[in-house]
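1. Here's my sequence, what's the structure:
(2 chains)
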2 protein chains.
Amino acid sequence: MSTAEFHAWWAERRRAGGFSVERIPFDALDSWEFDPQTGNLGHASGRFFTVEGLQVRNGGNGGAEIWSQPVINQPEIGILGILVKEFDGVLHCLMQAKMEPGNTNTIQLSPTVQATRSNYMKVHRGAGTRYLEHFTGPHRGQVLVDVLQSEQGAWFWRKRNRNMVVLATGDVPLHEDFCWLSMAQIRELTMVDNLVNMDARTVLSCMPFLLPEEAGTPSGDAFHDALVRSYQYQAAKESRSAPATAGGILSWFTEAKTRCDWTARLVPLTEVAGWKRDDWEVTDEGAENFRIIAVRVAAGTREVTRWTQPLLYPRGEGRAVFIARPVDGVLHLLVRARPEYGLMDQVEMAPTVHLHPGQDLDGIPEPFLRDALLPGGATTRYDQVLSEEGGRFHHALTRYQILEVGEDFPLDVPSHLCWMTARQLTDLLRHGHYLNIEARSLLTCLLSLC
Amino acid sequence: MSTAEFHAWWAERRRAGGFSVERIPFDALDSWEFDPQTGNLGHASGRFFTVEGLQVRNGGNGGAEIWSQPVINQPEIGILGILVKEFDGVLHCLMQAKMEPGNTNTIQLSPTVQATRSNYMKVHRGAGTRYLEHFTGPHRGQVLVDVLQSEQGAWFWRKRNRNMVVLATGDVPLHEDFCWLSMAQIRELTMVDNLVNMDARTVLSCMPFLLPEEAGTPSGDAFHDALVRSYQYQAAKESRSAPATAGGILSWFTEAKTRCDWTARLVPLTEVAGWKRDDWEVTDEGAENFRIIAVRVAAGTREVTRWTQPLLYPRGEGRAVFIARPVDGVLHLLVRARPEYGLMDQVEMAPTVHLHPGQDLDGIPEPFLRDALLPGGATTRYDQVLSEEGGRFHHALTRYQILEVGEDFPLDVPSHLCWMTARQLTDLLRHGHYLNIEARSLLTCLLSLC
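-> Prediction:
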């Protein structure tokens, strides 16, 4: 499928979808209700997810409360899977035009399979999940990637999904909601706002073997060549830079976790101070954070065609930035060890800067980072608005940026930051709970620059 | 220090210790009390640890309760650190003769530093932790190992400690409670019951680079040579065996986590059904599981010389067994993906069989494993009784065994089991939450057979 053909198919899918999403009051939710005791919002089946309270206390046990908020608790592990197959010697990914109720623009480009366990175990009695047999059945293909990765630690309680890439064996019948795209095409589509969805981005980030072959030849463009070298293994060297060896990175990360002196727990939603609930939303009293709302959805392309559900609705757009700098001709990314209260192990590796909706540059404690993010502070290499998971979040947009800084930018950075190559980050993606969801999204964006 | 000198020093340390441990009723505890509302047992400072309830429910949210028990909650991260240094070209470990109240035999051989955060932050106002500056200060040595590893998932709630190995720079003054031992000496001492403590074992398991050099030469002994090859990287091969590649192991492990359809939470201790509390202990009504008791300790070699604390007291001895089998001349261990309710991510890699105190062979669901554990069912390569952490557990002993089976033992095993080499397991130890504490202990025992 040529790119022109893709866009024609895409426009046709948008038209064919025929779906609507409307906000409704909580009491119009079907099978969802607030528990009279805890105030938690859950589904009658006990499946899908609940909205509960998250409470953070200082110190090990019994310290003072330092934070509380509502949080989405979805302990079951879903599958985000991309099926790949060679056509004429070129690896292609089977991608899906998928509607999600929270999407700002109806359909987005999604993995082959994107299904919660409740979903594919058919708790809602809908149709089966297409292509699932390639990922879980006894006749599944060759598994290339299979790792549990976390999702938003600010909004989810310890959520993780199974990121899979499977090489298809045999013929794969093509359903009209799906198309085969080469990596080059997907890289191109990553340059479009709100097209490649979050679930696709996280799986794509775990596919480092898809670096284009021609990338090995120096192009003469200094940024491009430094980027390609960033994906290659670097010989250990004595250098003013040599920010970290693989072992040094692991130790830096362990140190960052050890510094966390707080404990997070689930508590009843009624115990979250400073938040209130009316007929239409759960919101903080200052109206600065997100809201929990309810929607009614009608859709033709989903497994069931009508349903209601809650969504988390942020106020405005987030911003996630990797600052990149060549060091001895190799592009390095400035990675932050970022504590987030909803993460399973408290800290993951994150973009240099991640501002939640409503936070502005003043929220960045490090002046040298603030300066780089001001207009003219760096060379913009990537700058697109992409969507977060539309199955749980309503219109959650993040501006993703990769900003290149020059050799005058400090290599010596505070202990919560560390310079790493793309290869070092990519190697960690074989394991879960190292790179957070925003860092993984940005790695997919970075790959699109190759 | 020769081994004879070691034993003389050890005997002297035992005599010098001068300590006593006596059981007391809960109301004789100092600064520890049961919370009137939750029934949780905690320290007035909010530090150290608490005894709370653990509740497990079927399914994602809101399913039926399938299990509950008391559990030790100690969210803070302690340091288990071994300082190493070369003497005459041979790497030595600085080991400590350390008293722990729950030890069955007063002192055991412990890491250089074994301290909770409360401990080394001096919450109890005792003396500083010796040698701590080598692990945390700005002048610390070269970090060789630095990883968070889990502890007993049956007794702890998501506990993890920082396992560190640091190469000393400069002179290290020797305190009388400490001694330098070569790896060969430590391997020899691993053959003694209840000598090398749990904290030492877990750190030692993360030191794979300490395989003796001479191990490379074939000895003519088939088991020994297969063991040495098990520590070496094997070329990928097509073989009836080839149980797993590194990627295959990660996928197998992800699959095992995905199969878990239960959720564990902390609840107030009063909500744990089937357990009761009297003046002296918290116990299950069937008297089959562990008890929570209280002790008073007087000791000369600890940071503070008198204190009281709760301990978890198991009823009898556990048993942890790795079944080992040569496959094409390379020793493979049969590893179990074992769910445990207290583990942070539900499943870790465990010995082939782990029986808790009170469980017998009938508790093993797989007949072919039961048979191997019967007398005469396999060749015993390692068989010692070793202690679990004496700072939290009272007389918690586990019989650790490595049993070799022959080529008639099945290579095709159920999906919760997987054959792996020592090298494959060791490589995973760079990361946390792969191998559980019993598997790590057994890896240290395995190394002693080299």
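
2. contacts and neighbour counts: CA atoms only from here.
-> Noted.

3. Show me what from the stretch 251-400 of chain A comes close to chain B.
-> Counting by C-alpha under 8 Å from any C-alpha of the partner chain, the positions of the stretch 251-400 of chain A adjacent to chain B are A:Ser251, A:Thr254, A:Thr258, A:Asp261, A:Thr263, A:Met344.

4. So which of those wins on neighbours?
-> A:Ser251 (22 neighbours; other C-alpha atoms under 10 Å in any protein chain shown).

5. who touches the residue lying closest to that residue once chain neighbours are set aside in this structure?
-> Nearest residue to A:Ser251, sequence neighbours excluded (C-alpha to C-alpha, 6 or more residues apart in numbering or on different chains): B:Asp146, at 5.1 Å. Applying C-alpha atoms under 8 Å, 6 or more residues apart in numbering or on different chains, we find B:Asp146 in contact with A:Leu250, A:Ser251, A:Thr254, B:Arg162, B:Asn163, B:Met164, B:Val165, B:Arg430.

6. now the residues of the stretch 251-400 of chain A next to chain B in TSV, with pLDDT, distance to A:Ser182 and secondary structure?
-> Compiled in TSV, these are given as follows (pLDDT from 0 to 100; distance: C-alpha to C-alpha, whole Å; DSSP: H, G, I helix; E, B strand; the rest coil):
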residue	pLDDT	distance to A:Ser182	secondary structure
A:Ser251	95	37	helix
A:Thr254	96	38	helix
A:Thr258	92	42	helix
A:Asp261	88	46	coil
A:Thr263	90	44	strand
A:Met344	94	34	coil
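
7. quick one on the thing from earlier: next step: the contacts of B:Asp146 restricted to strands.
-> Under the assignment DSSP state E, those contribute B:Arg162, B:Asn163, B:Met164, B:Val165 to strands.

8. hang on, the earlier thing: would you check which pair of the residues of the stretch 251-400 of chain A next to chain B lies furthest apart?
-> Using C-alpha to C-alpha, the pair of these lying farthest apart is A:Ser251 and A:Thr263, separated by 21.7 Å.

9. and which of the ones in strands among the contacts of B:Asp146 is nearest B:Ala350?
-> After measuring the ones in strands among the contacts of B:Asp146 against B:Ala350 - C-alpha to C-alpha - the closest member comes out as B:Asn163, at 18.3 Å.

10. residue contacts, that closest one?
-> Counting by C-alpha under 8 Å, 6+ apart, B:Asn163 makes contact with B:Ile79, B:Leu80, B:Gly81, B:Val145, B:Asp146, B:Val147, B:Leu148, B:Gln149, B:Thr202, B:Val203, B:Cys206.

11. Who is it paired with across the strands?
-> In this entry, B:Asn163 is beta-bridged to B:Leu80, B:Val147, by DSSP bridges.

12. Find me the pLDDT at it, would you?
-> The model reports B:Asn163 with a pLDDT of 98.

13. And A:Pro310, by the same measure?
-> So A:Pro310 comes in at 98 (pLDDT).

14. Is it correct that it is in contact with A:Val282?
-> No. With contact defined as C-alpha atoms under 8 Å, A:Pro310 does not reach A:Val282; the gap is 10.5 Å.

15. Name the residues of stretch A:291-310 that come out as buried.
-> A:291-299, A:301-303, A:308-310 (16 or more other C-alpha atoms under 10 Å in any protein chain shown).

16. And the residue of the stretch 251-400 of chain A closest to chain B?
-> A:Ser251 (5.1 Å; C-alpha to the nearest C-alpha).

17. The lowest-mean-pLDDT helix or strand in chain A and chain B in contact?
-> Lowest mean confidence among the helices and strands of chain A (mean pLDDT, DSSP states H and E): helix A:117-120, at a mean of 74. No. Judged by C-alpha under 8 Å from any C-alpha, helix A:117-120 stays clear of chain B, getting no closer than 9.0 Å.

18. export that helix as CSV, just CAs?
-> In CSV, the C-alpha atoms belonging to helix A:117-120 read as follows (Å, rounded to 0.1, in the frame of the first residue of the first chain):
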residue,chain,number,x,y,z
ARG,A,117,-8.0,-9.1,29.4
SER,A,118,-11.7,-8.5,30.1
ASN,A,119,-11.9,-7.5,26.4
TYR,A,120,-10.4,-10.6,24.9
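
19. buried sites along the next helix or strand after it?
-> Note on helix A:117-120: by DSSP states H and E, the next helix or strand toward the C-terminus is helix A:133-136. Residues A:His134, A:Phe135 are the ones in helix A:133-136 that count as buried (16+ other C-alpha under 10 Å).

20. do the same with stretch A:245-265
-> A:248-258, A:260-264.

21. Okay, the residue in the stretch 101-250 of chain A positioned nearest to chain B and B:Thr254: tell me how far apart.
-> Per C-alpha to the nearest C-alpha, the residue of the stretch 101-250 of chain A with the smallest distance to chain B is A:Asp146, at 5.1 Å. According to C-alpha to C-alpha, to the nearest Å, A:Asp146 and B:Thr254 sit 7 Å apart.

22. any residues in contact with both of those two?
-> A:Arg162.

23. host element of the residue nearest to A:Glu340 when sequence neighbours are not counted?
-> Spatially, and ignoring its direct neighbours in sequence, A:Glu340 is nearest to A:Gly153 (5.3 Å; C-alpha to C-alpha, 6+ apart). Of the helices and strands defined by DSSP H and E, none includes A:Gly153.
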